[in-house]
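[1] Curious how this folds, go ahead:
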Amino acid sequence: MSLVRLKIKGISYSQTQNGAYALILNEVDGDRKLPIVIGAFEAQSIAIALEKEIKPPRPLTHDLFKNFADRFDIVVKQVIIHKLVDGVFYSSIICERDKIEEIIDARTSDAIALALRFNAPIFTYKTILDKAGIFLKFTSKESEKDKSDDSIMVDEILQEGETVEIDQGASDAFTELTIDELNKELEKAVANEDYEKAAKIRDEISKRN
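    Below you'll find the predicted structure:
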């Protein structure tokens, strides 16, 4: 089976169900997207890894794993989303130590959070992308297409039966802040180790860029 390389397009959230996050993956040499519903902690961890300016004062769980792996010369070479069963994606982390390769089973959200920290490529099989990949069909508002359609995409996934219980909180309050105010709130959230709030602020900043 042939592998297809993916890149992270971003993290989106539902417009109709509070607390529903989805990781949006995009095939590198194509237009199909692979949306995966993930939990709040994993969404925060991935968002922080994507946002290089966010530096947690203490390591998160995935940062701890990275530090542990570095100490013992373990390298994550790649992540493969290798199976899809009943709407659940299964992934493997391909690691190497002393030129010996090991395959470790992992939740897809954890695997991708680690792939970001190791700068490791993410792959899936063509058969999985053929089954679960989707094309976004845009209409007129080109400047708003990514923001609105990604949220609609999450809602469509949830309508198919996937739900997650996450406290999204009062993210709407950030819409009234300026970019400078958002950046200051982001710094405060990171300093207070409130990474869930930091992820929401980062999402709001990203929507305006």
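
[2] ok, the residue lying closest to residue 1 once chain neighbours are set aside to residue 76 distance?
    Counting by Cβ to Cβ, 6 or more residues apart in numbering, residue 125 is the residue found nearest to residue 1 once chain neighbours are left out, at 4.7 Å. For glycine as for every other residue, the C-beta is placed from the backbone atoms N, C-alpha and C. Using Cβ to Cβ, to the nearest Å, we find residue 125 at a distance of 19 Å from residue 76.

[3] if you count what's nearby, which of the two comes out ahead?
    residue 76 (22 against 17; other Cβ atoms under 10 Å).

[4] Wasn't the more buried one part of a strand?
    Yes - read with DSSP: H, G, I helix; E, B strand; the rest coil, residue 76 is one of the residues of a strand.

[5] Excluding chain neighbours, what is closest to it?
    Take residue 76 and drop its neighbours on the chain: the residue closest to it by Cβ to Cβ, 6+ apart is residue 118, 3.9 Å away.

[6] doesn't residue 66 make contact with that neighbour?
    Yes - under the criterion of Cβ atoms under 8 Å, residue 118 makes contact with residue 66 at 6.8 Å.

[7] Measure how far stretch 189-207 is from the centre of its chain, please.
    Using Cα atoms, centre = their mean, to the nearest Å, the mean C-alpha position of stretch 189-207 is found 14 Å from that of the whole chain.

[8] got a list of contacts for that stretch?
    By Cβ atoms under 8 Å, 6 or more residues apart in numbering, the residues outside stretch 189-207 that reach it are 10-11, 13, 40, 43-45, 47-48, 51, 54-58, 60, 147, 167-169, 171, 174-175, 177, 179, 182-183, 185-186.

[9] could I have it exported to PDB, CA atoms only?
    The C-alpha atoms that make up stretch 189-207 are tabulated as PDB, following Å, rounded to 0.1, in the frame of the first residue of the first chain:
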ATOM      1  CA  ALA A 189      -2.000  32.500  29.900                       C
ATOM      2  CA  VAL A 190       1.300  30.900  29.100                       C
ATOM      3  CA  ALA A 191       2.900  32.400  32.200                       C
ATOM      4  CA  ASN A 192       0.000  31.000  34.300                       C
ATOM      5  CA  GLU A 193       0.300  27.600  32.600                       C
ATOM      6  CA  ASP A 194      -3.300  28.000  31.400                       C
ATOM      7  CA  TYR A 195      -2.700  26.300  28.100                       C
ATOM      8  CA  GLU A 196      -6.300  25.700  27.200                       C
ATOM      9  CA  LYS A 197      -6.900  29.400  27.300                       C
ATOM     10  CA  ALA A 198      -3.700  30.000  25.400                       C
ATOM     11  CA  ALA A 199      -4.800  27.600  22.700                       C
ATOM     12  CA  LYS A 200      -8.200  29.500  22.300                       C
ATOM     13  CA  ILE A 201      -6.400  32.900  22.100                       C
ATOM     14  CA  ARG A 202      -4.000  31.500  19.500                       C
ATOM     15  CA  ASP A 203      -7.000  30.300  17.500                       C
ATOM     16  CA  GLU A 204      -8.500  33.800  17.600                       C
ATOM     17  CA  ILE A 205      -5.200  35.400  16.500                       C
ATOM     18  CA  SER A 206      -4.900  32.800  13.700                       C
ATOM     19  CA  LYS A 207      -8.500  33.600  12.500                       C
END
